[in-house]
Each structure stands twice: as structure tokens, then as C-alpha cells.
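# Structure for this input, please:
(2 chains)
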Amino acid sequence: MLQYAVKRILWMIPTFFMISLVVFVLINLAPGNPGQAGGAENGQSGQSVQSESVIFFKRQFNLDKPILVNTRTRLTQGEVRQLIVTARSVEGTPTPAQIIAAKDALEDYGNYLVRHLVALQADDANPDVRRLATSYLLTAATLSMTSETAGDAAAARDVNRERDAYNRVFRDWSCAAAAPPECVGETTAKWQAWWAENRSTYEYTAAETAWAFFFDTRFATYWRNLVHLDFGVSANSREPILDLVLGKLKYSVSLSLTAVMLAYLVAVPLGVYSAVRSGSRADTVLTAGLFVLYSLPTFFTGTVLLQLLSQGTPVKWFPTGDFQSQAAIPTTLGSLADIAWHLALPVATSTSVALAALSRYARTGVIDVIRADYIRTARAKGLEEPVVIIKHAVRNGMIPILTLLGGILPVLVSGSVVIEVVFNIPGMGQFLVESIGQRDYNAVMAVLLASAVLTLVGILFSDLSYALVDPRINLD
Amino acid sequence: MTRLLQSGFGVGLLVLLVVIGAVNTAQLHNLEKKVAELETSPRPTVSGQKEGPPVAVVSTAQAGGSLCYSSDEEKLALQDEANVLKPFQYPPGWPSKIDRGGTLKRHVGQDPPGLNPIASNNAADLSELYRYMGARIAVQSQHNPDDWYPDLATKVTRSPDGLVYDVYLRKGAYWSKPTVDLSDPRHAWLAADHEVTADDYAFTIEMIKNPQVLGRAAALRTYVEALSRIEVVDTHHFRVHFTENLYINQPTLLDLEPMPRWLYMYDEDGRKFDDATWGDKQNSHWYNQKAIGAGAYNFVEWEPGVRIVIEKNERYHLNKCAPANFDRIEMKVLKDQQSWLRRLKTGELDYSHMQPQQFLAEVKDKQPYLGEEGLKLAVGDEASYFYIGWNQTRPQFQDKRVRKALSEALDRQGLVDSVFAGLGTITSGPFDQSNPCYDSSIAPLPYDLEDAKRLLDEAGWKDTDGDGTRDKMVDGKKVQFTFTMVIYGSSTEYETLARVYREALDRLGIKMTAQPLEWAAHLKKINERDFDAYTGAWVPSWEIDLYQIWHSTEADRPESSNYVSFRNADGDRIAEALRREFDETKRVDLCHQFHALVHDEQPYTFIYQRKRPVLYWDHMNTPIFSKLNPHRDARLFSFASLPDPAK
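Numbering: from 1, shown residues only, chains lettered A, B, ... in the order given. Okay, the predicted model is just below:
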């Protein structure tokens, strides 16, 4: 048993890694990016300053890096030249999509461009290319600031001061399109002198090339932070993801946990009753009723409940949503009662759906057992029917339904989008959907990975609990 | 400057970007989700009174149109002929009785991303919050947006060449206290009183210009490009230098909101940020989940997903003329649009706007509204207009006769009446109809399929092969008249529009396919010019600048807003002239010329300008809608009588 558990737990590590890989690649490949959803960068005039901000933003969230593998150390001068002439339509007539792609590439390739830009600046035949190479050099050579929010803030601050000093040296070394021709010559001379001193920073050894290939990527960077339990900050609010998620937990957990417990409390007796009266009219009516509830979508049930019980048509017994009242309630008991009053309708909605499935499991479980020999024996030895059912049949019939509990863990965290929206409860479900809409990769990753971990743990828990409650099952 | 909301069609538009212009703020958002929502609650804090200074429950009697001066200093400054500001004036329709106090309860469609007015991402709700809490150099009149009233400044003068502005700040305008526990020794450094000074403005400009500052700053930066330098003369006087004399400079400057250097330049323990990274620190500043201003209201709290609360600022420098109408404003975060009317009915909101389908299903012709006698209906005009854009690099759409025919094939009035519940006015040009720039003598093209056929024949699009679809030889190749129209998904109204349109086009021998897309995919297509036609919406700002959407140089720049590649030499000339024209009559004349040009060229099929229905409880005065932000400006809203707390 212990050996089995350890083996399973070890297997969870590669499984988790693969899940994170698939999720990460999928959300990064979806069209759109965080800047678009939240910022107003797009579609405005005025390029220089603005694209500087775009680059800064991308670097901060590692969006400048390739997703899985990095081959940028192998860029050639010809490729870089092609990017420049495409991005600025210097030669030929590229399509808008090509222009956008080339511009993005020039923004993203950063330091990897430097040696090629220096070469282009020095000896390209086209004067426009020489001038543009100089202007791209400025952003390409700039060293990014490191994050001061995680880890050793003081050390990070010192690194940033150093890098800022480094970047300041060449801050003004570029020429506007309208600048006099001498400007280009002078600036080029400055850059070439600078290059002689700093070239080692931007040239890559075989080891560096190999390192960059695997590790200078979005995915590797994400994992590097993840092992330090650093989930990053939200691209939308720039709050640490962990704080945001923990803030949402109380809503989702109290809602789901109550709903699950209530569902079990109601479904199990219903299932047992159906099993005992299996085939009777009561069983048929109950089954039909539960399936009707099961078929109603939650947004519909929720809305109908609100309409009937909160709007005064016919009654106004419950609030129109929210997690709790805004008014200050002095006692703990009072505020618990207030939360319960607010959660009554959402819990009822969410329970109504779960009832059908759970009670069916309970019914089947008990029916299977009720036909077993030992039940006949129990009856034969003269036990009262309730004792037979409750002590012998139900106990054993509940094994499958108990193990279902394991599958519920992830639901506790991921919450229910529809119910949270209809009843205006600011939980995880809402948070996840909004984060997807805003392409807030860090937030989406964090919520999905948390569900993944809980799913894995839940499955393990189910399997182990089988062995625990049913001595016939031997996992070793 | 055109501040525009680009959107697919939608129940809501996607605000691509509302540019700041002179008007409030630039913002990009999905109107569908964040529609303007305001609400008041019938439960004021303890029967409309609160602790501390007595609440001024005064009934005002200022008539609409009457003038008001906040101080003698201000009155004196306004006598200076060089001052570009005008005296404060009550708007027409100003209620004769205002019961000041109580809590206004409204709703917002989602949480703002953060509350830093410059470093947080743009959001309509955030700009609205600062309309109440913040102060600016001057206040733009909500009923006559060409006028600016004194706010933080009592006097602003402009040099004859238009390149230098002198701003004189009033004395005694104070920042509200930061919303932190000031008794905690950690925050002792924040306890002092601070006046709004010229140095705060210098800091604001540094912040906007710092490329490390993201969020709204990235959008604002475009508008202050011509602003080269700010010079602090003394505590209450600064001078702003522009490189170019553009019409938009003045409104942009006057609308500028200051940022307190004494707060944002420091970490929570009062340590000053490094020069290297202070810009980046703004993006995740410790105070970004809170707000500070020098306006009519003070920030109280923001509980994400739940509500934002502000309360009356007793020290507000304009309290004499334009005091807060409410003691408190609570903005409840309600993400489910369906819940707005439910909450209105139970009295949790004082007012709420709604979507056209809701209006059609639950309100229109259904009195009393929602079964409540106390609810009343008001309808406000929005500046946004909806259109179909034709990609003029496509062979089908290069001839203006074809574009005209396509416009004539859309039964716009019919759509507005039936699909949009009558909540709109069909429109013929790219301006808000209440702006003098809009030439109301230009009627929208009629719905006329016969004339459309004639125009298509004339343009050479005929069904030569008898397959039911018009075609034409272009550059030696036969082109069938088929096209795909990208529509912003998640909106049934626009899917209906596409269906109606497709039927009409079928009758003309044109095959149209509608392609609903979510916003990110929609934006990618139009940025890359990878579309035949698309549905969109803009919100033009009051100060018209045609450059961004219509100038030919923008057509050449991918990701610019001239998505349809409109290139017209006359259009370019007008757009350039308008940027530098200061004379109002001549500006209007230029706009009218442009309106006529666009009507003739039909680069867009202009559909309609939207109206927004609002239900409100009768304890409120009839809402006065601002011309600039009809549903997002409760400064003109007030209680006729304080709501009944027992209700």
C-alpha cells in the first residue's frame, strides 16, 4: 500500500509536467495577447515611445521569448536584414501581416540581434538599412530590468542599477529620419567603439547556444519561477497571482463545499430509498423528478429561483445575489447566518444538478449489495429490515459513492462559472474566465495548474480509499 | 483627435480606444461587458446622515444657465481677457430642487484592473471613478464641451504662437488623505496635508513620458507627444511648451489630471524609488488598489468583485458651486447584465441602463416598468456610431458606386426600428450628431435596391455567366462578387443584421458570408487588413481630429486605425488643415466638407448612432445626460428627495 502510494506520487511529477506543458502551449498559442486585451496600445499613432513601452511590457512578462525552444542564437545577418526591410517596407511591398510579424520579431529578438545590427550598421549597401539598424540597436542592446518583486529584492535592485547605468550610456545614440546625414556617421562610430568593448555580451558560445535553446524560453522561465512557488503577477492588475487566487478561494470553497455536502446529504437517502423501493411508483417518480432537475441548466434554475424568491413575485425571501451583506454585522454567528442566507439559492441551484447523478450511484450501489448473499443471511437470521438496510446494505453500498469524493477536490477550487456569474459571487470561476478573456497567462496557468494538482491528488485519494474501505482490493 | 471605440458590432461595442483628446480618458474596453452603469440605493447610510461634519442637506435653486464663482480669486482671474477658461455655468435643465446627501447606488460591469489613473490599464469604469474623485486643470462643460471651467487652475493663458501655455493653480486645493491607517507608525509619513502644486504636474508629465510606465500611460503618451517640456515657475504656476501648435493641445492640457509626487514616488515605508526603475514601480505601486484625488469625492474602499465606494469631500475646492450631490456613491460590481434590472426592481440600485434586447423584452411598452410604479424611463444619446467598413484594397470595393450600392442595400431604418428596438438614429457621417461638425443637411442614403442594381451595373458588375452572382473582369481575371463580413461575435443583434443584409444582397446578386469572431481574432484580422468587410463602431471625441482614421499615411501603417485603407487627397488636406485650425466657424466648415466627401465616397456604410435607455427611481431628479459620457457621468444626477431608507 505504502509502496503503491509512493509510486503513484512519483508518477504525478511527470504527469504534472506534461499537463503544464500542454496547457502552457495552448494558452500561449491562442490568438491575442495580454497587451491587447487590457491596454490601448493598438491602433494609435505615434510609434517610437510607444513601441518602447510595448517592448518593456513584453520583456517583463517574458512575451518576447519563444514558447518552447529558442533558436535565436542561430539568426543570420541576412535574416535580420530581411526583417528590417520588411518591417519598414524599405524594399519590396510586404503585406500588412508580414510587416506586423517582422516588427514583432525585431521587438522580441532583443539582445540576439545586436551583433547583426552592428554589422549591418557598418557595411550594408543601403543607407536606409544602415540608419534603421542603428535605431533598432538601441532597443536591442538594452538590458532588461529584473523583477524586484520576488526573491532577494535588494540584490535585484543592485542588478537593476547596474543595468540602468549600462543602458544609459547609449540612450541617445540614434538618428531620426529627418536628422542630418552626419548624425548617422557619428552615431555609427559611437556604436562601433562600444561594440569593440562589449561584444562578448552579445556573442554566444556553444554552451550558451545550447542553454538558450532549452532555457531562454517562456516555458522554461515559467518553470524556473514555479519551482520557487512564484506564480508571477497578473498582466491585468499586476498583483501577485497567489494573492489574487487566495482571495477568491474563500468564495469558491464555501460555495462548492456546502453544495457538495448538501448534495450527499440529500442524494444518499434518496438513492437508498429508491433502491429499497426499486421498481415502485415512488422510485419512478423520484427518478423522473431528479432527471428533470438534472436536465435544467444552472443559469436557468438560478434565474428562476431568483425571479421567484428574491423579486417579490411571489416572495422576497432571499437576496438577489452576492456573498454577504455590505452592512457591518457585529457577531461572527450573525455574519455566518448572513452568508448562509446569501448562499441558500446558489447552493440550491448547484445541488439540484448534482443530486441526480449522486443518488443514482447510491441507488445502484445499494441494489448491488441488497441482492448479495450476506444480506439474505442477515434477513434470515431475523434482523429487522431497517437494520439490514442501514447496517449491512448501505455501508457496503456506499463504497463507490465515497470514492467519488476524490473527484470533487478540483471543483472546490475551480468553482462554478455560471453560478458565480448569476449570483454575483466573485469566486475562482469568474476569475478564470476573465483571465482567459484578458489573456492573463499567469493567472490562467495558476488556476489550471492548481486544478490539475487537485485532480491528481483526488484520483490518488479515490484509489487509496477503495483499498482502505474495501479489504478485498489489494493495491500491491 | 478621434477617440474611438472600435468594436465589432455588438450589443456592445468594443471600445478600441477612446482617445483622451480633451475629453476624459482613453480607454479600450469591451462595452458589451462594461456598459455604463450607475446606480443608487434606497438605503443611505443611517437615514442619510453620517458622522462628522453636518451634511449639507440643502435645496439649491440655481437656475440652469446661471453663473457661479468658487472664490474671489477665481472671479478676478476670469476677468483677465487672456484667460482661456470660462465661468462655471449650471447646465440647462438643472433641477430646481436637489436634496443633497444620501447614497447613490449604481453598478459597474466589471472591476477596474487597478486604480492608478495613469499606470493601470484603461477602463471606462476607472475613468468614471476619477471623474468624481479626481480634479483636473479645468472641467469640460458637459452640455457645451467647447467651454472649460476653472478646476485646479483659475487661469490658463496661451502665447500668441500657441506654443506656450501658462497655468495658474488655485491656492487651497488639497489632496485628500491616502486611504490607509494613518495611526500606524508605518504610514506616519503620509499624515501631512498636501496642496496640489505645479510640481505634481511636472511629476505627471514625467510619468506619462516614462516608457516604463504601462497601462493608460502608453495611450496618453501619444497625445502629449507635442508637449516637449514643463517648467515649474513657482508652487502654483507652471509653463508648458509644445513643439507644434495643434488644436488638440489645449483640451489635452486642460484635461490633465495631476498625480501626487509625494505619494507615488515612494514605497509603502516612505522610501523613494530608484531613478532606474521608478517608472516600472508605478505599474505595481503599493497604492494601486486604492485611489487618491482632489475632487468632489474621497476614495473609501474597493472590494474586488463587490463594490467601489467613495464619499463626499468636505474640503473640495469647488464646493461652493459644484459640490457633491451625494454623501456617498457606491458602485456595485455586477458582471451579469441580466441582474441589473432585478437589482433595480428590489431597490438595490437607484438607476440602471440596459441592453436593447432587455429593453425590448422587459421594458418597452410595459408600464409600469418592471411592475413598479416608482420607476421612470429616460433615454440618452451616445456619441458612438456603428458602421460596416469596406476594405478598399479589395477589387470588389474599389469603386465608390459599388460602395454606395452596398449602403443602399442595407435597410438601416428598418433595422433600427425592429432589431435595435428604436434605440438609435441612422447616421450619414463620422461625427456625433449633436456635434456642430455633423452636417444634418446630409441625409443617409435611402434603402433602394433598384438604385443599387443600377449603380452596380454602371460600375461594370454584371452577372455575365448566369450563375446568379455578379462578376467583373479585373486585371484580366474574372472576379465574382462574393465577400466575407467579419462581425464581432457574441451579439445576436448583429447576427440578425447580417442575416437581413445577406438576403438583400442576394437579391442584388452578391454573396455575403458573415464570420463572427471574438475580439482578439477580430482585431488581428483588421490590423492585418485581412478582411473584405467588417462591422465596427467608433466613439468620436468632441474635438475632431480626422488624422487617425482617415489620413492616407495611416492607411500605409499596419495596425493603424485606417483599417479600410481610405486614401483621398481632399480628405488628407482637410484632416491636416483641421489639426491646425482654431477658428470654430472654419473648423465646422472643414468638418462639413469632410462629411460631404465621406458621404460621396462611402468608405464605410454608416449605420446608426445609439441611444441608451435608463430606468431610474422617482426619488431621483430626471437625469441630465452629459454630452460626453451620457451614462458614465453621475455628476449631473441628483436626488429630488432622499430615498426612503426603510424601502
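# Could you check how far A:A267 is from A:V421?
25 Å (CB to CB, to the nearest Å). (Glycine included, C-beta is placed from N, CA and C.)
# Give me the phi and psi angles of B:N283.
When read as degrees, to the nearest 10, the backbone of B:N283 gives phi -60, psi -30.
# do B:D381 as well
Dihedral angles (degrees, to the nearest 10) for B:D381: phi -90, psi 140.
# residue contacts, A:A30?
By CB atoms under 8 Å, 6 or more residues apart in numbering or on different chains, A:A30 lies in contact with A:R439, B:A520.
# repeat for A:N160
Going by CB under 8 Å, 6+ apart, the list of residues near A:N160 reads A:M145, A:T146, A:E148, B:D274, B:A276, B:T277.
# what's the most distant pair in those residues?
Using CB to CB, the contacts of A:N160 span at most 12.7 Å, a distance reached by A:T146 and B:D274.
# And the helices in the stretch 401-550 of chain B?
B:412-418, B:449-458, B:492-508, B:519-527, B:547-550 (DSSP state H, counting those that start in this stretch).
# Now these in CSV, please, with extra columns for mean pLDDT.
Below are these laid out as CSV (pLDDT from 0 to 100):
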stretch, mean pLDDT
helix B:412-418, 92
helix B:449-458, 96
helix B:492-508, 90
helix B:519-527, 86
helix B:547-550, 90
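# What's the local residue count around the closest residue to A:I389 other than its chain neighbours?
In this structure, A:I389 finds its nearest non-sequential neighbour in A:V276, 6.0 Å apart by CB to CB, 6 or more residues apart in numbering or on different chains. Neighbours of A:V276 under the rule other CB atoms under 10 Å in any protein chain shown: 20.
# just checking, A:V276 touches A:I370?
Yes: between A:V276 and A:I370 there is a contact at 7.5 Å, judged by CB atoms under 8 Å.
# Show me the common contact partners of the two, please.
A:I389.
# And for the helix or strand A:E434 falls within, what's in contact with it?
Applying DSSP states H and E as the criterion places A:E434 in helix A:428-437. Applying CB under 8 Å, 6+ apart, the external contacts of helix A:428-437 come out as A:27, A:37, A:234, A:236, A:244-245, A:248-249, A:251-252, A:413-421, A:440, A:443-444, A:447-448, B:110, B:305, B:335.
# at 7 Å instead, please
For helix A:428-437, the external contacting residues (CB atoms under 7 Å, 6 or more residues apart in numbering or on different chains) are A:37, A:248-249, A:252, A:413-417, A:420-421, A:443-444, A:447, B:335.
# Please narrow those to those residing in helices.
A:A37, A:K248, A:L249, A:S252, A:V413, A:S414, A:V417, A:E420, A:V421, A:A443, A:V444, A:V447 (DSSP state H).
# Can you name the residues that contact the last one?
With contacts defined as CB under 7 Å, 6+ apart, the neighbours of A:V447 are A:V245, A:S414, A:M428, A:F431, A:L432.
# now do the fourth one
Residues near A:S252 by CB under 7 Å, 6+ apart: A:L412, A:V413, A:G415, A:G427, A:M428, A:G429.
# are any of those residues buried, and which?
The neighbour-count criterion (16 or more other CB atoms under 10 Å in any protein chain shown) marks A:L412, A:V413, A:G415, A:G427, A:M428, A:G429 among these as buried.
# Please list the residues of the stretch 201-350 of chain A that sit near chain B.
Selection of the stretch 201-350 of chain A residues close to chain B by CB under 7 Å from any CB of the partner chain yields A:V233, A:N236, A:S237, A:R238, A:T303, A:L306, A:S310, A:Q311, A:T320, A:G321, A:Q326.
# how about a cut-off of 6 Å?
A:N236, A:S237, A:R238, A:T320 (CB under 6 Å from any CB of the partner chain).
# distance of the second one from B:V306?
From A:S237 across to B:V306, the span is 15 Å (CB to CB).
# okay, these two: which has more neighbours?
Ranked by neighbour count (other CB under 10 Å), A:S237 and B:V306 place A:S237 first, with 25 against 19.
# what's the burial count for A:L383?
The burial count for A:L383: 15, using other CB under 10 Å.
# any idea whether it is helix, strand or coil?
coil (DSSP: H, G, I helix; E, B strand; the rest coil).
# which regions of the stretch 351-500 of chain B sit below the pLDDT cut-off?
Counting by pLDDT under 70, the stretch 351-500 of chain B contains low-confidence ranges at B:489-491.
# brain fart, chain A
A:35-50, A:150-151, A:415, A:475-476.
# on that earlier part again, what's the closest of the buried ones among the contacts of A:S252 to chain B?
A:G427 (8.2 Å; CB to the nearest CB).
# thought that closest one was touching A:K250?
No: between A:G427 and A:K250 there is no contact, the gap being 8.5 Å when judged by CB atoms under 6 Å.
# what two of the contacts of A:V447 are the furthest from one another?
So, those by CB to CB: farthest apart are A:V245 and A:S414, at 10.9 Å.
# which parts of stretch B:453-460 are buried?
Under 16+ other CB under 10 Å, the buried positions of stretch B:453-460 are B:K453, B:L455, B:L456, B:A459.
# got those as CSV, with distance to chain A columns?
Converted to CSV, the buried residues of stretch B:453-460 look like this (distance: CB to the nearest CB, whole Å):
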residue, distance to chain A
B:K453, 33
B:L455, 29
B:L456, 28
B:A459, 26
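# and the two most separated of the residues you listed?
B:K453 and B:A459 (10.9 Å).
# Next, count neighbours for B:V500.
Using other CB under 10 Å: B:V500 sits among 16 other residues.
# Just the pLDDT at B:V35, thanks.
In this model, B:V35 is scored at 27, pLDDT.
# Quick check: B:I388 is in a helix.
No: counting by three-state DSSP, one finds B:I388 to be strand, located in no helix.
# Pull the number of nearby residues for whichever residue of the stretch 451-600 of chain B sits closest to chain A.
Closest to chain A within the stretch 451-600 of chain B is B:A520: 2.6 Å, counting by CB to the nearest CB. Neighbour count for B:A520, taken as other CB under 10 Å: 17.
# quick one: contacts for the residue of the stretch 301-450 of chain A found nearest chain B?
Using CB to the nearest CB, A:P426 is the residue of the stretch 301-450 of chain A that sits closest to chain B, at 2.3 Å. With contacts defined as CB atoms under 6 Å, 6 or more residues apart in numbering or on different chains, A:P426 is in contact with A:Y251, B:G305.
# how about a cut-off of 10 Å?
Counting by CB atoms under 10 Å, 6 or more residues apart in numbering or on different chains, A:P426 touches A:247-248, A:250-252, A:322-323, A:415, A:420, B:111, B:303-306, B:333, B:335.
# And stretch A:54-74, what's buried?
Buried, per 16+ other CB under 10 Å, within stretch A:54-74: A:54-67, A:70, A:72-73.
# next one: stretch A:101-116
For stretch A:101-116, by 16+ other CB under 10 Å, it's A:101-116.
# farthest-separated two in these?
Among the buried residues of stretch A:101-116, A:A101 and A:R115 lie farthest apart (CB to CB), at 22.1 Å.
# Which residues are in contact with B:K453?
B:A405, B:E408, B:A409, B:W461, B:R470, B:R507, B:L508, B:G509.
# May I see the ChimeraX selection of the buried members of those residues?
The following ChimeraX line selects those of the contacts of B:K453 that are buried, judged by 16+ other CB under 10 Å:
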select /B:405,408,409,461,470,508,509
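# could the contacts of B:K453 go into a markdown table alongside distance to B:K627?
Putting these into a markdown table (distance: CB to CB, whole Å) gives the following:
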| residue | distance to B:K627 |
| --- | --- |
| B:A405 | 35 |
| B:E408 | 31 |
| B:A409 | 33 |
| B:W461 | 42 |
| B:R470 | 43 |
| B:R507 | 40 |
| B:L508 | 38 |
| B:G509 | 43 |
